[in-house]
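1. Model the following, please.
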Amino acid sequence: MLEPTVAFQDAVAAALVASPEVLALVPVAHVRAGSTRPDKTPCIILAGAQTEYLGRAPVSQHVARVFLDLHIWAIEDGAETAKAIGMAVLQALIDAPAGAGFAVDDYAKPRTIWLRDPQPDLSYVHGVMTLEAVIRWGF
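-> Prediction:
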């Protein structure tokens, strides 16, 4: 398996691009991992991954708590577009995404905060959705 956050990130990205509600608002090419500043809008950027290794489980398995931030960006229009994207993402990720090579033992429901862009002349709306899961691998 890849590093736990990379495997989890891949599962999250797959769930997002499999969601017709998300793709109705964000082009598939705008769902990506990388820098948290948008190069195209609207977009969803997966970044800020963290791993807390929790130890071993039976049969030589490993367990870790992983965190992942999804940055949702749109141009301001009363924040409606960004928040509509956020709701579509929430619906796609309300349950733990399935991934290859690992199992999700615990999944916290997504949490989102909405921020104004620090450069007001750009008029971006920025939401950060945080995901947290305990995953197990090495079956």
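
2. Tell me where this protein has helices.
-> Under the criterion DSSP state H, the chain contains helices at 4-17, 20-23, 80-93.

3. surely Glu21 meets Ala88?
-> Yes - if you go by Cβ atoms under 8 Å, Glu21 and Ala88 touch, sitting 4.1 Å apart. In this view, the C-beta of every residue, glycine as well, is placed from N, C-alpha and C.

4. So between those two, which is more surrounded?
-> Ranked by neighbour count (other Cβ atoms under 10 Å), Glu21 and Ala88 place Ala88 first, with 21 against 16.

5. For that one, give its distance to Ala15.
-> 11 Å (Cβ to Cβ, to the nearest Å).

6. what do you get for Ser123?
-> Distance from Ser123 to Ala15, by Cβ to Cβ: 29 Å.

7. who's more crowded, these two?
-> Higher neighbour count among Ser123 and Ala15: Ala15, with 18 against 12, using other Cβ under 10 Å.

8. ok, for the more buried one, nearest residue in space, not its chain neighbours?
-> Take Ala15 and drop its neighbours on the chain: the residue closest to it by Cβ to Cβ, 6 or more residues apart in numbering is Pro97, 4.0 Å away.

9. Hmm, Val134 is touching Ala57, no?
-> No - with contacts counted by Cβ under 8 Å, Val134 stays clear of Ala57, the gap being 10.4 Å.

10. Among these two, which residue is more densely surrounded?
-> Ranked by neighbour count (other Cβ under 10 Å), Val134 and Ala57 place Val134 first, with 18 against 15.

11. show me the contacts for that one.
-> Contacts for Val134 were tallied using Cβ atoms under 8 Å, 6 or more residues apart in numbering; they are Leu54, Val63, Ala64, Arg65, Val66, Val104, Asp105, Asp106, Tyr107.

12. Pretty sure the third one sits against Thr51.
-> Yes - the pair Ala64 and Thr51 qualifies as a contact (Cβ under 8 Å) at a distance of 5.2 Å.
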